[in-house]
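> Predicted model follows, preceded by the sequence.
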Amino acid sequence: MVRDRHILYTTAFLRALATGMMGVLLGIYLARMAFTPSQIGLVISAGLAGATLAALLVTFAGDRLGRRRLLFWLALLSALGGAAAAWYSSPVAVGIAAFVGMLNGMGRDRGAALVLEQAIIPATATDQERTRAFAWYNVLQDVGHGLGGLLAAIPSILRLAGVGELASFQTAVMLYALLLLATAVLYLRLSSQAEAPLKQPRLIVSPQSRKVLWRISLLFGLDSVAGGFVGTALLSYFFYQRFGVSESVIAVLFFGARGMNAVSHLGAAWLAKRIGLVNTMVFTHIPSSLLLMTVAFAPNFWVAAVLFLLREGLVEMDVPTRQSYVMAMVRPEERTFASGVTHLVRLGGWAVAPSFAGFLMQFLTLSTPLFIGAGMKIAYDVMLYRAFRGLKPPEEREG
C-alpha cells in the first residue's frame with residue numbers, strides 16, 4: 001500500500017502542476033483567441049460545472065463503480081478536454097471541452113480525483129501515520145501549484161524563441177493535457193487494495209458517521225463561505241488597489257505564500273501528534289484569522305506582506321488535520337462518501353461568497369471582506385472546538 005501512496009503523491013503533484021499553470025494561463029489564452037470576458041467566464045463556469053458533476057458521481061457511486069477505474073477515466077477525460085481546448089477555437093467547442101474535461105481555471109486542484117485519492121490514502125498508512133501522510137500529500141500539491149504558476153511563463157519563453165503567440169499558448173495547454181494523461185497512466189498501476197474494502201449495492205452510512213458528517217459539514221460550509229471572502233483573486237485585488245503594487249510583485253508574494261503553506265502542512269502533522277487533531281485545527285486557525293485582520297491596518301505593502309505571509313504559515317495547518325480527522329471518524333467503506341460530501345460543501349461555500357465580497361469592496365471598503373472572512377472563521381473555530389473537542393480519532397483514544 002505504500003507504493004499506492006507514492007503513486008497518489010505523484011498524481012497529485014502532476015495534477016497540481018497542470019492546475020497551477022492553467023489557473024494563470026486560461027483567461028489570457030482565451031482572450032488571445034478573442035473571447036469576450038463573458039465568454040471566458042462561461043468557459044470557466046462550464047469547467048466548474050463538469051467538475052461538480054464528477055464530484056457528485058464519485059461521492060455517491062465511486063466505490064461501487066471502482067475507485068481505480070474512475071480515477072483513470074477522470075484523468076483521461078481531463079487530458080482529452082485540455083487537448084480539445086488547445087485544438088478548437090470557437091467558444092462553443094471550447095466550452096464543451098471545458099465541461100467534459102472539467103477544465104480547472106481556479107489555480108487550485110478541487111476536482112473529483114481529489115475525493116477518491118483522499119479516500120484511498122488512509123488505507124496506505126497506520127492511524128499514527130495518517131495525518132503525516134495527508135501532510136505530505138498537501139505539501140506536494142502546494143509545491144505543484146507554485147511551480148505550475150511558474151510554468152505559465154512557457155508561452156513568453158517560446159515567443160522569445162520565435163514561436164507565434166497563439167501557438168505558444170496552445171503548446172502550454174497541450175502540456176497541461178500531457179501532465180494529466182501521465183496521471184491516467186499512473187492510476188493503472190494502483191493495486192486492488194486501493195478499492196473500497198466492502199462494495200455495497202447501495203450506499204449505507206452508519207448513524208454515528210451520519211451524525212459526525214452532518215455536524216462537521218455544516219461547520220465546513222461556514223468556513224468555506226468565510227474562505228470565499230478572502231480568496232486569492234480578491235486578496236490580489238486588495239494588495240493591488242490598497243498598495244499600488246504590480247502584478248509581478250503580487251505573483252512573487254503568492255509564490256511565497258504557497259511555500260509557507262507547504263512548510264506549515266508538515267508542521268501541522270508534528271503538532272497534531274502532540275496536542276491532537278482538533279486542537280491543531282483550532283489553535284492555529286484563530287491566530288491566522290487575527291493576522292488577516294491586521295493586514296488591513298498595515299501602513300505599507302512590506303508590513304502587509306510580512307503579516308500576510310505569517311498568516312499563510314498558519315492558515316493551512318487545518319487542511320491535512322481536517323482531512324485526517326474526517327477519514328478517521330468514519331468507517332473505511334464510508335470514506336469516499338465522507339470525502340465527497342465535505343468536498344462538495346467546500347465547493348459550494350467558495351462559490352457563494354466572492355460576489356458579495358466584490359460588492360462590499362466596491363461600495364463599502366476594500367478591507368471589509370477581510371474582517372468578515374476572518375470573523376466568520378473565528379466563529380467556525382469556536383463552534384468546531386465546542387462540538388468536536390471530545391470526539392477523538394483512534395490514535396488519540398489509545399493515548
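Now that the structure is in, tell me what you want to look at.
> Residue ranges in the stretch 151-300 of the chain under the pLDDT threshold?
For the stretch 151-300 of the chain, the stretches flagged by pLDDT under 70 are 198-203, 232-233, 247-248.
> What segments of it are strands?
Along the stretch 151-300 of the chain, counting by DSSP state E, counting those that start in this stretch, no stretch forms strands.
> and the most far-flung residue of the chain relative to its centre, what are its phi and psi?
Distance from the C-alpha centroid of the chain peaks at G162, with 35.5 Å (C-alpha atoms, centre = their mean). With angles defined as degrees, to the nearest 10, G162 sits at phi 100, psi 0.
> distance of it from S168?
According to C-beta to C-beta, to the nearest Å, G162 stands 10 Å off from S168. For every residue, glycine as well, the C-beta is placed using N, CA and C.
> Also H285?
The value you get for H285 to S168, if C-beta to C-beta is used, is 42 Å.
> between the two, which one's more packed in?
H285 (23 against 20; other C-beta atoms under 10 Å).
> which residues does that one contact?
H285 is in contact with 314-315, 317-318, 377, 380-381, counting by C-beta atoms under 8 Å, 6 or more residues apart in numbering.
> number of nearby residues for F238?
F238 - counted by other C-beta under 10 Å - has 22 other residues nearby.
> Would you quantify the distance from it to G231?
For F238, the distance to G231 (C-beta to C-beta) stands at 11 Å.
> Spatially nearest residue to T171, not counting backbone neighbours?
What sits nearest to T171 in space, not counting adjacent residues and going by C-beta to C-beta, 6 or more residues apart in numbering, is L158, at 6.0 Å.
> buried set for the helix or strand encompassing A86?
Using DSSP states H and E, the element containing A86 is helix 67-87. Neighbour counts over helix 67-87 (16 or more other C-beta atoms under 10 Å) mark 67-68, 70-72, 74-86 as buried.
> mean confidence score for it?
Helix 67-87 shows a mean pLDDT of 95.
> who's in contact with whatever helix or strand comes next after it?
Remark: after helix 67-87, the chain's next helix or strand is helix 91-100, criterion DSSP H and E. Residues outside helix 91-100 that contact it (C-beta under 8 Å, 6+ apart): 30, 33, 35, 39, 42-44, 46-47, 49-50, 77, 80-82, 84-85, 88, 103.
> go again using 6 Å as the cut-off
For helix 91-100, contacts defined as C-beta atoms under 6 Å, 6 or more residues apart in numbering pick out 35, 39, 43, 46-47, 50, 81, 84-85, 88.
> what's the angle between it and helix 67-87?
Interaxial angle of helix 91-100 relative to helix 67-87 (axes from the mean of the first three to the mean of the last three C-alpha atoms, to 10 degrees): 160 degrees.
> What's the first helix or strand after helix 91-100?
Helix 91-100 is succeeded, C-terminally, by helix 112-120 (DSSP H and E).
> which other helices and strands contact the longest helix seen in the chain?
The residue-count maximum for a helix in the chain (DSSP state H) belongs to helix 2-32. Counting contacts by 3 or more C-beta pairs under 6 Å, 6 or more residues apart in numbering; DSSP states H and E, helix 2-32 packs against helix 130-151, helix 165-187.
> And the helix or strand that it is followed by, what's buried?
Using DSSP H and E, the helix or strand that follows helix 2-32 in sequence is helix 37-65. Judged by neighbour count using 16+ other C-beta under 10 Å, the buried positions of helix 37-65 are 39-40, 42-44, 46-48, 50-52, 54-55, 57-63.
> about what we covered before: so which pair among the contacts of helix 91-100 is furthest apart in space?
Pairwise distances across the contacts of helix 91-100 (C-beta to C-beta) peak at 18.0 Å, for the pair F35 and G50.
> What about the contacts of H285, which one has the most neighbours?
M317 (28 neighbours).
> Give me the below-cutoff pLDDT ranges for the stretch 1-150 of the chain.
Short version for the stretch 1-150 of the chain, where the test is pLDDT under 70: 105-107.
> coming back round to it: how far does the longest helix of the chain sit from the chain's center?
11 Å (C-alpha atoms, centre = their mean, to the nearest Å).
> Quick one: end-to-end distance for stretch 312-321.
This stretch, stretch 312-321, spans 16 Å end to end (C-alpha to C-alpha, to the nearest Å).
> Touching it from outside, list them.
Under C-beta under 6 Å, 6+ apart, the answer for stretch 312-321 is 134-135, 138, 257, 260-261, 264-265, 268, 272, 277, 280-281, 284-285, 287-288.
> Tell me where the stretch 251-399 of the chain has helices.
Using DSSP state H, counting those that start in this stretch, the helices of the stretch 251-399 of the chain run over 277-295, 301-315, 318-328, 335-363, 368-388, 394-398.
> between the longest one and helix 67-87, how many degrees?
Pointing back at helix 335-363 there. Per the same axes, to 10 degrees, the angle that helix 335-363 makes with helix 67-87 is 40 degrees.
> Could you check the angle helix 335-363 makes with helix 318-328?
Going by the same axes, to 10 degrees, helix 335-363 makes 150 degrees with helix 318-328.
> which of the residues in helix 335-363 are buried?
Residues 335-346, 349-350, 353-354, 357, 360-361 are the ones in helix 335-363 that count as buried (16+ other C-beta under 10 Å).
> do the last one as well
When neighbours are counted by 16+ other C-beta under 10 Å, the buried residues of helix 394-398 are found to be 395-396.
> From the chain's centroid, how far away is that helix?
For helix 394-398 - counting by C-alpha atoms, centre = their mean - the centre lies 28 Å from the chain centre.
> returning to what we had before: mind putting the contacts of helix 91-100 in TSV, distance to S367 included?
Below are those laid out as TSV (distance: C-beta to C-beta, whole Å):
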residue	distance to S367
F35	33
Q39	32
V43	31
A46	33
G47	31
G50	35
G81	38
A84	42
A85	37
Y88	42
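> from those residues, which is closest to I154?
A85 (15.6 Å).
> Could you pull up the residues touching that closest one?
For A85, the contacting residues are 94, 97, 173, by C-beta under 6 Å, 6+ apart.
> How much space separates it from L76?
Following C-beta to C-beta, the distance that separates A85 from L76 is 15 Å.
> ditto for G164
29 Å.
> What is the burial count for the residue nearest to A328 when sequence neighbours are not counted?
Distances taken as C-beta to C-beta, 6+ apart place P393 nearest to A328, at 3.6 Å, with adjacent residues excluded. Other residues within reach of P393, judged by other C-beta under 10 Å, total 21.
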